[in-house]
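Colleague: here you go, sequence then predicted model.
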Amino acid sequence: MPSFDSFRTARWIRTLNLLLQAVLFLSLFAGLNYLARNHPSRFDLTHQHRYSLSAETEAYLKNLPQPARIVVTVTADSENPGNVQAFRDISGLLREYTYASESNVNGRIAVEYLDVYKNRRKAEEYGIESPDILVVISGDRRRALNVDDLYRVKDKVRAAFQGEQALTAALLEVSSQGRKKIYFLTGHGELNPEDVDPVHGLSAVKDQLRARNFDVDRLDLSAVPKIPADAALLIAASPQAAYTPPEQEMLRQYLAAGAGRLIALLAPGQPHGLINVILDWGILIDDDVIHDPGAGSMTEEGDLILKLFQPHPITQTLIDYQMPLRIGQARSVRPDPGRKSGGGLTVTTLAVTSTAAWGEVSYRLHTAPEYNPGYDIKNDRPGLEPPDHLAVAIASERVNVRAGLDFSVRGGRLVVFGTGDLVANNRIALPGNLDIFLSAVNWSVDRDTQFNIPVRPIERLQLSLSASELARLRTVLLLGLPGIALLLGLLVYWTRRR
């Protein structure tokens, strides 16, 4: 018998075949792991691309100049169902951020989940005092995001998840070199950011701005030849005396030629000298005091309650959460009906009174307020929006269109409030007041920039079963599926027997 027909040869061939199969299997396993480790590829098959970052975010993450850490204080075991859903949304999104940043050796992102109640020492190290926030840290710069900042709200209900927009903006902010500097104008009796007085101080505003990674300083226009180049924003908080003509010209040049940013809070009855500067931006400032006898529009102390807002990045949160403003005496401001059309100037009314309000022009006579047609101010002129309301806050923006270019160049931005005490220490703690002021700051310094990042609608899936349906489901799971497996086994056995 030839050797290759012997049983010993057959056993050796079988053994070599098994060894070869084992080697091939191990090689395949090792090769797949090598490819997965060094050349990973992922496919998001979800309907809303829940597990995919936008191309813009991925480009930013690949070029972050330094590492960043995201500390999450939202917990999965929260008693608030909304926060439980938020934890799932946030944790899923942050996994994508860490994965996308792995290829950037200099700018990797680390995520840490922290229970502020169980780990107080760690929370104090990060300077975190409250739960349900995200803190984005890079070097000595940080940005805090509330859970509500990650959602788009409609009728007080979370309608869409915009966490990628908010997180990408925060990462770019804290990783950028330097802080944006805000100057409070002084020398004309303005409210003081160093003063802790409840009525005349802005110390609470200063703390809020510094907590959001802004540098805050004061600036006396009469003591400088020009506005500093590092001024990202100027704030004129309730001046009690008029700015001089040279100071007015300095502000005009800063806004126009320098594409500057200014927030003006102008109390009624006080001279300010900014009428012509602000008129250049399509806004009229009236010399009046608003009275609003509409239902729920004024308190017994004479404070105005504003509940109506026009859509704009500055007012969007107030609209979403239906938060009112409570301010002291106010003057009316309005778009200039005679402003030139075109020129890249966009004027938007932000906050308005009820239709019953009027602007009392004879307020200096100290008589009982009474509307005098043809003398006092009412917004009953055609073409003004919204009709029959008096505006208390207006935003104006100029976008310069360059000839021969297919894009526009951002110009200056101006926000005017017809009240001086909106941000005083005794009022800034009100949620609506704080929100509109911080939104005005963010819009003015371009922190509101909308990236080309789509929001994700929130899909709510709920399984509702009655007791009988639940019992049938339990029977199918416990008996039906094992019974089907048993029948298939018997069928195979019977087939092989034949």
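Modeller: All right, it came through fine.
Colleague: distance of residue 266 relative to residue 329?
Modeller: For residue 266, the distance to residue 329 equals 11 Å [Cβ to Cβ, to the nearest Å]. To be clear about C-beta, it is placed using only N, CA and C from the backbone, and glycine gets the same treatment.
Colleague: pick out whichever of those two has more residues nearby.
Modeller: residue 266 (23 against 18; other Cβ atoms under 10 Å).
Colleague: can you pull the contacts of the more buried one?
Modeller: Taking Cβ atoms under 8 Å, 6 or more residues apart in numbering as the contact definition, residue 266 lies against 236, 238-239, 272, 274, 285, 331, 333, 416-420.
Colleague: closest one to residue 115 out of those residues, please.
Modeller: Checking the contacts of residue 266 against residue 115 with Cβ to Cβ, the nearest one is residue 417 at 40.0 Å.
Colleague: rewinding a little: what's the overlap in contacts for residue 266 and residue 329?
Modeller: Common neighbours of residue 266 and residue 329 (Cβ under 8 Å, 6+ apart) are residue 419.
Colleague: most neighbours out of the contacts of residue 266, which is it?
Modeller: Result: residue 418 is most packed of those (other Cβ under 10 Å), 30 neighbours.
Colleague: now for that one: which residues touch it?
Modeller: Residue 418 touches 266, 268, 285-286, 290, 330-333, 391-393, counting by Cβ under 8 Å, 6+ apart.
Colleague: phi, psi of it?
Modeller: The phi/psi pair for residue 418 (degrees, to the nearest 10) reads phi -90, psi 30.
Colleague: what distance do you get for it to residue 84?
Modeller: Taking Cβ to Cβ, one finds residue 418 at 43 Å from residue 84.
Colleague: can you point me to the longest helix in this structure?
Modeller: The longest helix of the chain (DSSP state H) is helix 7-38.
Colleague: quick one: it to chain centroid distance?
Modeller: Mean-position distance between helix 7-38 and its chain equals 56 Å (Cα atoms, centre = their mean, to the nearest Å).
Colleague: now that helix: mean pLDDT?
Modeller: Taken as a whole, helix 7-38 has a mean pLDDT of 84.
Colleague: ok, then the element right after it?
Modeller: helix 55-62 (DSSP states H and E).
Colleague: mind giving me the packing neighbours of that following helix?
Modeller: The helices and strands touching helix 55-62, judged by 3 or more Cβ pairs under 8 Å, 6 or more residues apart in numbering; DSSP states H and E, are helix 81-100, helix 163-175.
Colleague: and those, which one is worst for confidence?
Modeller: helix 163-175 (a mean of 83).
Colleague: what about the stretch 301-450 of the chain, any weak spots by pLDDT?
Modeller: For the stretch 301-450 of the chain, the stretches flagged by pLDDT under 70 are 341-343, 380-385, 400-410, 447-450.
Colleague: all helices of it, in order?
Modeller: 316-321, 431-444 (DSSP state H, counting those that start in this stretch).
Colleague: now the strands for the stretch 101-250 of the chain?
Modeller: 109-113, 133-138, 141-146, 151-154, 157-161, 180-186, 214-220, 231-237 (DSSP state E, counting those that start in this stretch).
Colleague: scratch that, the stretch 251-400 of the chain is what I was asking about
Modeller: 261-265, 283-285, 289-291, 304-306, 308-309, 325-327, 333-335, 345-352, 358-360, 391-401.
Colleague: what's the closest of those strands to residue 73?
Modeller: Here strand 325-327 is closest among the strands of the stretch 251-400 of the chain (Cβ to Cβ), at 29.2 Å.
Colleague: list the contacts of that closest one.
Modeller: Against strand 325-327 from outside (Cβ under 8 Å, 6+ apart): 299, 303-306, 318, 351, 392, 419, 421-422, 427, 430, 432-433, 436.
Colleague: show me what contacts residue 112?
Modeller: Neighbouring residues of residue 112 by Cβ under 8 Å, 6+ apart: 69-72.
Colleague: identify the residue nearest residue 136 in space, chain neighbours excluded?
Modeller: Once flanking residues are discounted, residue 136 sits nearest to residue 170: 4.3 Å by Cβ to Cβ, 6 or more residues apart in numbering.
Colleague: touching, the one you found and residue 143? I think so.
Modeller: Yes. Residue 170 is within contact range of residue 143, at 4.3 Å (criterion: Cβ atoms under 8 Å).
Colleague: overlap of the contact sets of these two?
Modeller: Counting by Cβ under 8 Å, 6+ apart, the shared contacts of residue 170 and residue 143 are residue 136.
Colleague: the two - which one has more neighbours?
Modeller: More neighbours surround residue 170 than the other of residue 170 and residue 143, with 24 against 21 (other Cβ under 10 Å).
Colleague: show the contacting residues for the more buried one.
Modeller: 134, 136, 143, 145.
Colleague: what does residue 135 give?
Modeller: Per Cβ under 8 Å, 6+ apart, neighbours of residue 135: 70-71, 73, 126-128, 142-145.
Colleague: list just the nearest of those residues to residue 244.
Modeller: residue 143 (38.0 Å).
Colleague: ok, now which ones touch residue 111?
Modeller: Per Cβ under 8 Å, 6+ apart, neighbours of residue 111: 69-70, 72, 94-95, 97-98.
Colleague: correct me, but residue 58 touches residue 100?
Modeller: Yes. Between residue 58 and residue 100 there is a contact under Cβ under 8 Å: 5.2 Å.
Colleague: how many residues are close by residue 361?
Modeller: Counted with other Cβ under 10 Å, residue 361 comes out at 15.
Colleague: need phi/psi at it.
Modeller: Torsion angles, degrees, to the nearest 10, at residue 361: phi -80, psi -30.
Colleague: state the distance from it to residue 390.
Modeller: 13 Å.
Colleague: what touches both of these two?
Modeller: residue 377.
Colleague: end-to-end on stretch 348-368?
Modeller: In stretch 348-368, first residue to last residue: 32 Å (Cα to Cα, to the nearest Å).
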